[in-house]
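Visitor: Got a predicted model here, sequence first, then my questions.
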Amino acid sequence: MPLLELINVKKNYMKGETVIPALRGVDLLIEKGDFLSIVGPSGSGKSTLLNIIGCIDTPTEGSVLYDGTDLSDLNDKEKTNYRKENISFIFQSFNLIPVLTARENVELPLIIEKKFNKDEIHDKVTRIIEIVGLGDMADRFPRELSGGQEQRVAIARALVKNPLVVLADEPTANLDSGMSEDIISIMQKMNEEIHTTFIFSTHDPLVQKHAERVIILRDGLIASDERKNNGHAD
Amino acid sequence: MGTLIKIAWRNVRRHKRRTFLSALVIAVGLAMFILMNSIMTGWDRANIDNLIELSTSSIRISTKEYADDVESLPLKYGLQNVQELTTFLQQQEYVAGITPRTQFLGQLSNWEETIPVIGQVVNAKTDPTVFALMNYFEGNYFSDEGENEIILGKGLAEEMGVQLGDYITLYALTKYESRNADEFHIVGLLNTTDPNINLNTIMITYETADGFLDLEGLVTELYVSVERRVNYNLFVKDVQQLQSKLQSRFPELQIDSFLKIASGFLKLTEQKKAFGMIFMLIILAIAAVGIFNSVLMSVYERIREIGVLRAQGMKRGEIVTLFLWEGGFIGILGSILGLIIGCGANIYFVLVGIPLDQFSGFETSGIPFLGRMHGEWNIGAIIFVFLFGIIVAIAASYLPSRMASKLEVTKAIRYV
Ligand SMILES: Nc1ncnc2c1ncn2[C@@H]1O[C@H](COP(=O)(O)OP(=O)(O)OP(=O)(O)O)[C@@H](O)[C@H]1O
Ligand SMILES: [Mg+2]
């Protein structure tokens, strides 16, 4: 069974009287361990698609099945729970909590999850901070970090609870190419080692180059869906 | 929970100026309430003290018959057991003084006009142990010279056109209801603004009254003063205890405390307290608007952050809690600050006080004050207002907090 299944997903936004179709019938299967990039021109519906998969937005029509459960059957509380347990987000603008240190930002999802005790949280956070290469910056506040470092914290925060899916909306758009390369390789490493599923939207050719599977969206529809055989091996 | 508190606290600290200003409004409301409460309590206390010292005493004892007919101040219903009462009272704790008085109706005349007056027959020796009229005298108190001496309210003297040292004629009915008149030497004037005392009252001694009214030592009222206590409630308790002891020992007598004698005035005091409460509520309402605004700004500034927390699976309720804590912290800071300012300033009012001549023309009981008025500590009110400040702050944060929790996650994340 696929991890995620989108069936004829449509999303209309209303702008006054006019209907803006952001997604116009998307069918998509996502397997566990996919390292998938969604590309397409601005306004093609990439963010909308990610938000719907991430359960922070609801489709106007169609359904999203997660391990066989239809997300549209869930009420608000259940959706919140579903996000808490399965999904992590990485945002274009990092969105760290400014009053928390890097370490505290990374701890936050575990604290929200309320599944682990203090020691467990400490161990998990320390490990993930090492992996993203921020060991010596753990006690800095976001304003004391560079953009690339902030995004690493955001990745650590996304990965620390070991989610099934990480959704990243243009994670490298605010970074220079060197930093982008770093960020992508960290995500790739996590994907290889613990098979976390990554879905990211991007305009960045560099990111696309590393993706194993590239989906092209055009006007709210999937224009192509290609899987590379050897992914990032080149 | 700990993390929510941490985030809330750090945000409160982060916006130091905003926090300070919002907290300051609460602090001002609190401090003003504490001071107003203290001064009003002190003011009322000064009034009550004056009332007790000048006209009601702590406890008044008479026969029931006399009490029923008190309007006409009859000279028929004397207390039979003054000696027994006095002995009993002297054995009680906290009794500071006991004095008899006999009131009668009379008329004062200067050959041109005649004015009805209330006569007070007093015991020149013991009267000052209960009543503090001494402080309000012009001239002398009663001497032992055997002459007919009289003390008049100053207003009365002015109306009659007489002065200290003059002689004046007093008419009255004796105990046996026969008319009598005599000349009295004015030895003192009582200068109070209480119209009852100032315009209507004359005083003579029992020695004089024996001849003038055929009184034969008849005492219609016995006044008792109970030692003053700093704590008004304890004082009231002392008085009430003494009253009930007296009542069970002398069930046939009418025994009233100042609480009953001055009930009209005391009721007025309560109304003023309610007014002070409303005043504080208005200030705290202003403070509530300040906090509402502060938390609302906090919410607006952190819309994206709220979106991120929600995307991470934070519940709506937890978002509400987060912002309630922010308001709560501002409330706690404001309340602590208010407590410090209010109590600090109150130390001055309690220890140093306010000179009362500043208030002349503003007397509520009609009795002028001497000396200074002091603020009072009212621990109950202080604790109440401290908690109230915090509760108001949290309540004021509720609406913006809920608003924060209702934000749509996708819009919140996009928000710039
Ligand atoms: N909340 C909204 N209200 C109205 N219209 C919206 C809303 N969100 C998205 N849209 C519209 O839906 C369409 C798809 O938007 P979306 O943000 O998904 O595009 P995108 O592919 O992510 O674009 P970009 O590359 O610029 O981020 C656009 O036409 C956009 O204007
Ligand atoms: Mg987008």
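Guide: Arrived safely. Ligands and ions are numbered 1, 2, ... in the order given.
Visitor: who's in contact with the helix or strand of chain A with the lowest mean pLDDT?
Guide: Every helix and strand in chain A was compared by mean pLDDT, DSSP states H and E; the lowest is helix A:205-210, with a mean of 85. Defining contact as C-beta atoms under 8 Å, 6 or more residues apart in numbering or on different chains, one finds that helix A:205-210 is touched by A:35, A:37, A:39, A:171-172, A:177, A:180-181, A:184-185, A:188, A:200, A:202, A:214, A:231-232. Backbone N, C-alpha and C define where each C-beta goes, glycine included.
Visitor: How about the residues of chain A by ligand 1?
Guide: Residues of chain A found near ligand 1 (C-beta under 6 Å from any ligand atom) are A:13, A:15, A:20, A:22, A:40, A:42-48.
Visitor: Run the chain-centre distance for the longest helix along chain A.
Guide: Determined from DSSP state H, the single longest helix within chain A is helix A:177-194. Remark: helix A:177-194 is offset 13 Å from the chain centroid, using C-alpha atoms, centre = their mean, to the nearest Å.
Visitor: That one: which residues count as buried?
Guide: Neighbour counts over helix A:177-194 (16 or more other C-beta atoms under 10 Å in any protein chain shown) mark A:179-184, A:186-188, A:190-191 as buried.
Visitor: next one: stretch A:145-164
Guide: Under the neighbour-count criterion of 16+ other C-beta under 10 Å, stretch A:145-164 has A:145, A:148-161, A:163-164 buried.
Visitor: avg pLDDT for it?
Guide: Summarised as a single mean, pLDDT over stretch A:145-164 is 92.
Visitor: Export only the CA atoms of it, formatted as PDB.
Guide: This file holds the C-alpha atoms of stretch A:145-164, laid out as PDB (Å, rounded to 0.1, in the frame of the first residue of the first chain):
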ATOM      1  CA  LEU A 145      22.400  32.300  13.200                       C
ATOM      2  CA  SER A 146      22.900  32.700   9.500                       C
ATOM      3  CA  GLY A 147      20.100  31.800   7.100                       C
ATOM      4  CA  GLY A 148      21.700  28.400   6.300                       C
ATOM      5  CA  GLN A 149      22.100  27.700  10.000                       C
ATOM      6  CA  GLU A 150      18.600  28.600  10.700                       C
ATOM      7  CA  GLN A 151      17.400  26.300   8.000                       C
ATOM      8  CA  ARG A 152      19.400  23.500   9.500                       C
ATOM      9  CA  VAL A 153      17.700  24.100  12.800                       C
ATOM     10  CA  ALA A 154      14.400  24.000  10.900                       C
ATOM     11  CA  ILE A 155      15.400  20.700   9.400                       C
ATOM     12  CA  ALA A 156      16.500  19.300  12.800                       C
ATOM     13  CA  ARG A 157      13.200  20.500  14.100                       C
ATOM     14  CA  ALA A 158      11.400  18.700  11.300                       C
ATOM     15  CA  LEU A 159      13.300  15.500  11.700                       C
ATOM     16  CA  VAL A 160      13.600  15.100  15.400                       C
ATOM     17  CA  LYS A 161      10.200  13.400  15.900                       C
ATOM     18  CA  ASN A 162      11.100  11.000  13.200                       C
ATOM     19  CA  PRO A 163       8.000  11.800  11.100                       C
ATOM     20  CA  LEU A 164       6.600   9.700   8.200                       C
END
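Visitor: And it, how far out from the chain middle?
Guide: 11 Å.
Visitor: what do you get for stretch A:106-120?
Guide: Mean-position distance between stretch A:106-120 and its chain equals 20 Å (C-alpha atoms, centre = their mean).
Visitor: If we go by neighbour counts, what in the least confident helix or strand of chain A is buried?
Guide: Per 16+ other C-beta under 10 Å, helix A:205-210 contains these buried residues: A:207, A:210.
Visitor: Show me what the helix or strand that it is followed by is packed against.
Guide: Using DSSP states H and E, the helix or strand that directly follows helix A:205-210 along the chain is strand A:213-218. For strand A:213-218, the packing partners by 3 or more C-beta pairs under 8 Å, 6 or more residues apart in numbering or on different chains; DSSP states H and E come out as strand A:35-39, strand A:221-227.
Visitor: re earlier: from the residues of chain A next to ligand 1, list just the buried residues.
Guide: Buried among those by 16+ other C-beta under 10 Å: A:22, A:40, A:44-48.
Visitor: ok so, going back, now do the longest helix of chain A: everything it contacts.
Guide: A:33, A:35, A:131-133, A:146-148, A:151-152, A:155, A:159, A:162, A:166, A:168, A:171-172, A:175, A:196-198, A:200, A:204, A:206-207, A:210, A:232.
Visitor: please redo it, this time with the cut-off set to 7 Å
Guide: Under the contact criterion C-beta atoms under 7 Å, 6 or more residues apart in numbering or on different chains, helix A:177-194 has outside partners A:33, A:35, A:132, A:147-148, A:151-152, A:155, A:159, A:162, A:171-172, A:175, A:196, A:198, A:204, A:206-207, A:210, A:232.
Visitor: so what's the nearest residue to A:Ala173 once chain neighbours are set aside up against?
Guide: Closest residue in space to A:Ala173, ignoring its immediate chain neighbours: A:Gln92 at 4.8 Å, by C-beta to C-beta, 6 or more residues apart in numbering or on different chains. Listed by C-beta under 7 Å, 6+ apart, the contact partners of A:Gln92 are A:169-171, A:173-174.
Visitor: how about a cut-off of 10 Å?
Guide: Residues near A:Gln92 by C-beta atoms under 10 Å, 6 or more residues apart in numbering or on different chains: A:47, A:151, A:154, A:168-175, A:201-202, B:413-414.
Visitor: Then B:Leu152?
Guide: Contacts of B:Leu152 were listed using C-beta under 10 Å, 6+ apart, and they are B:108, B:117, B:139, B:158-160, B:162, B:164, B:166, B:168, B:170, B:184, B:186-190, B:197-203.
Visitor: List only buried entries from the residues you listed.
Guide: Among the contacts of B:Leu152, those buried by neighbour count (16+ other C-beta under 10 Å) are B:108, B:117, B:139, B:159-160, B:162, B:168, B:170, B:184, B:186-190, B:197-203.
Visitor: per-residue confidence for B:Gln91?
Guide: Per-residue pLDDT puts B:Gln91 at 93.
Visitor: who wins for proximity to chain B among the helices and strands packed on strand A:213-218?
Guide: Set against chain B and scored by C-beta to the nearest C-beta, those come closest in strand A:35-39, at 16.4 Å.
Visitor: Give me the neighbour count for the residue in chain A that chain B sits nearest to.
Guide: When scored by C-beta to the nearest C-beta, chain A has A:Lys84 as its residue closest to chain B, at 2.5 Å. Look at A:Lys84: counted by other C-beta atoms under 10 Å in any protein chain shown, it has 20 neighbours.
Visitor: and the residue nearest to the spatial centre of chain A, what are its phi and psi?
Guide: The centroid of chain A falls nearest to A:Leu167 when counting by C-alpha atoms, centre = their mean (1.2 Å). Main-chain dihedrals, A:Leu167, degrees, to the nearest 10: phi -110, psi 120.
Visitor: Quick check: pLDDT value at it.
Guide: 95.
Visitor: can you check the one 3 residues further on too?
Guide: According to the per-residue confidence, A:Glu170 scores 90 in pLDDT.
Visitor: Which residues are in contact with it?
Guide: A:38, A:46-47, A:50, A:90-93, A:200-204, A:207.
Visitor: Mark which of those are buried, thanks.
Guide: The neighbour count (16+ other C-beta under 10 Å) marks A:38, A:46-47, A:50, A:90-93, A:200-202, A:204, A:207 as buried among the contacts of A:Glu170.
Visitor: can you list the residues you listed in CSV and add secondary structure?
Guide: Listed next are the buried ones among the contacts of A:Glu170 as CSV, based on DSSP: H, G, I helix; E, B strand; the rest coil:
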residue, secondary structure
A:Ile38, strand
A:Lys46, helix
A:Ser47, helix
A:Leu50, helix
A:Ile90, strand
A:Phe91, coil
A:Gln92, coil
A:Ser93, coil
A:Phe200, strand
A:Ser201, strand
A:Thr202, coil
A:Asp204, coil
A:Val207, helix
